[in-house]
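**Q** Have a look; sequence and predicted model below, questions after that.
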Amino acid sequence: MRKAFVVSSGLLLTAFALQFVFAAVGAFTKPAGDGAYALHSVNGMAVIPVLTLLTVLLAALAKAPGRLVGLAVLPLGLVVVQALLAMLASAGTDAVGASTPFGLTIGGLHAVNGIIAVHVVVGVMRGARRLAAGTPTPDAAVVVPQGEPA
C-alpha cells in the first residue's frame, strides 16, 4: 500500500502540474471561446478531486501518520476554494462583461491558491516517499535509548 500511496501522490502532483499547462492553453487559445478552458475545468473539477480521494484512501491504508493523512486531504479543500475563486472572478465583471479590478484580483488569488495546492501535494509526495522508504517523518517522535548512568 505504501508504494501505491507514492504512485497516487505522484499522479496527483502530475495532475496539478498539468493544471497549469491547461490554464495556459485556455489563456492562449485564439479565438477564446467557451471551450478554451475545458481541459483546465475537467482536470480541476474531476481528475484532481478523484486522485485526491484515492491518495487519502491509500494514505490511510498505508497507515500513514495522521498528520500526513490530513495533509493528503487538504488539496480537496483547496479545490473547493479554487472553484469559489473562479466563480467570484467570473462574477466580478461590469455590465458589459469586461473585467473589473475586483475580478482580476480574485483571479490572481485563484492562481496563488493553485501554487499553494502544488506545494501541499509536494509535501504529501515527500511524506509518502519517506513512509515507503521506512524513514521517520519530521513530526515523528524520536526515541532515545536510556542506558545506565556513567
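**A** Cool, the structure landed. Numbers count the residues shown, from 1 in each chain.
**Q** Can you check the pLDDT for residue 150?
**A** Looking at residue 150, its pLDDT is 56.
**Q** scratch that, residue 64 is what I was asking about
**A** So residue 64 comes in at 96 (pLDDT).
**Q** May I have the secondary structure class of it?
**A** coil (DSSP: H, G, I helix; E, B strand; the rest coil).
**Q** That one reaches residue 6, doesn't it?
**A** No. Using Cβ atoms under 8 Å, residue 64 is not in contact with residue 6, being 10.8 Å away. Every C-beta, even on glycine, is put in place using the N, C-alpha and C of the backbone.
**Q** Of all the residues in the longest helix seen in the chain, which ones are buried?
**A** Across the chain, the longest stretch assigned as helix under DSSP state H is helix 101-133. By 16 or more other Cβ atoms under 10 Å, the buried positions in helix 101-133 come out as 103, 106-107, 110, 113-114, 117-118, 120-121, 124-125, 127-132.
**Q** and if you look at stretch 68-76?
**A** So for stretch 68-76, counting by 16+ other Cβ under 10 Å, buried means 68, 69, 71, 72, 73, 74, 75.
**Q** Stretch 24-42 too?
**A** 26, 36, 37, 39, 40.
**Q** Closest one to residue 49 out of these, please.
**A** Distance to residue 49, by Cβ to Cβ, is smallest for residue 40 among the buried residues of stretch 24-42, at 14.0 Å.
**Q** right, and the closest one touches residue 18 too?
**A** No. Between residue 40 and residue 18 there is no contact under Cβ under 8 Å: 9.1 Å.
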